[in-house]
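Novice: Coordinates for the following, if possible.
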Amino acid sequence: MIRASTGSAAIAVEIWSVPAGGLTSILRHEPPGLCIGKVQLDDGSGVLGVLGESILCEDQREISRCADGRMDTGARDGPS
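Specialist: Residues are numbered from 1 along each chain as shown. A predicted model of the protein is given here:
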């Protein structure tokens, strides 16, 4: 996901309980350009989630039109 000031959409997420020390392990194994940041939930609360730097997301498939965050992997839609 990438944080957007406009044009954002609700995406279904899974919420996991990760011990604080586990965040270090997650960050070490994420590829460059992914980071931990605050994700705002529909109820207004915030949780930590994986965010992508905008440059990493350039030319990637847009998923915000998929309410549950999943796309048909056979579809080859370009960015919209």
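Novice: drop to CA atoms for contacts and neighbour counts, all remaining ones
Specialist: Noted.
Novice: Show me where this structure dips below the pLDDT cut-off.
Specialist: The chain contains residues with pLDDT under 70 at 1-3, 65-80.
Novice: the strands in this structure, which residues?
Specialist: Assigned by DSSP state E, the chain shows strands spanning 34-40, 46-52.
Novice: Mind checking those strands for the one nearest to Ile15?
Specialist: Ile15 lies closest to strand 46-52 among these, at 8.2 Å (CA to CA).
Novice: Describe which strands that closest one pairs with in its sheet and in which direction.
Specialist: If you go by DSSP bridges, strand 46-52 pairs up with strand 34-40 (antiparallel).
Novice: buried sites along the partner strand?
Specialist: Going by neighbour count (16 or more other CA atoms under 10 Å), the buried part of strand 34-40 is 34-36, 39.
Novice: What is the neighbour count of Ile63?
Specialist: By other CA atoms under 10 Å, the residues close to Ile63 number 17.
Novice: ignore the last one, Ile26
Specialist: By other CA under 10 Å, the residues close to Ile26 number 13.
Novice: Please apply the same query to Gly21.
Specialist: Counted with other CA under 10 Å, the neighbours of Gly21 add up to 8.
Novice: Could you figure out how far the longest helix along the chain is turned away from strand 46-52?
Specialist: When the chain is parsed with DSSP state H, its longest helix is helix 20-29. Between helix 20-29 and strand 46-52, the angle comes out at 10 degrees (axes from the mean of the first three to the mean of the last three CA atoms, to 10 degrees).
Novice: circling back: which one of the buried residues of strand 34-40 sits closest to Thr6?
Specialist: When those are compared for distance to Thr6 (CA to CA), Val39 wins out at 14.9 Å.
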